[in-house]
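In: Got a sequence here, can you model it:
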Amino acid sequence: MKSKRIHTTISIARLFLVIYLGVFLTPVYASSDSPATEFTVGVPVDRCPMFYIDKDNGKIAGIGVDLMESAAKEAGFNVAFKV
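Out: Next comes the predicted model:
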């Protein structure tokens, strides 16, 4: 009975290993024909303080906007936000 449980545990571990290798080690390819320099990000605006509409200027604001803009600037991209 104990050896059957060990065999089952090893089989499950092997299955998870195969799934892990298939998902995380699969190469990802991106086309370099026309590299993107601007991304549009759709965000929910009812998640204050992450995302909200600033009542003073009507633009999307929040901590999430600041973080995405900072990351995009470091990567050399422009980012636009849409509701």
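In: alpha carbons only for contacts and neighbour counts from here, please
Out: Noted.
In: Who are the packing partners of the lengthiest helix in the chain?
Out: When secondary structure is assigned using DSSP state H, the longest helix within the chain turns out to be helix 2-24. Contact partners of helix 2-24 among helices and strands, from 3 or more CA pairs under 8 Å, 6 or more residues apart in numbering; DSSP states H and E: none.
In: contacting residues around the helix or strand harbouring Ala71?
Out: In this assignment (DSSP states H and E), Ala71 forms part of helix 63-75. If you take CA atoms under 8 Å, 6 or more residues apart in numbering as the criterion, helix 63-75 is touched by Pro49, Met50, Phe51, Asn78, Val79.
In: buried sites along that helix?
Out: Within helix 63-75, the residues scored as buried using 16 or more other CA atoms under 10 Å are Gly64, Val65, Met68, Glu69, Ala72.
In: I'd like the residues you listed as JSON lines, with pLDDT and distance to Phe39 appended.
Out: Below are those laid out as JSON lines (pLDDT from 0 to 100; distance: CA to CA, whole Å):
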{"residue": "Gly64", "pLDDT": "89", "distance to Phe39": "15"}
{"residue": "Val65", "pLDDT": "89", "distance to Phe39": "13"}
{"residue": "Met68", "pLDDT": "88", "distance to Phe39": "11"}
{"residue": "Glu69", "pLDDT": "90", "distance to Phe39": "11"}
{"residue": "Ala72", "pLDDT": "86", "distance to Phe39": "9"}
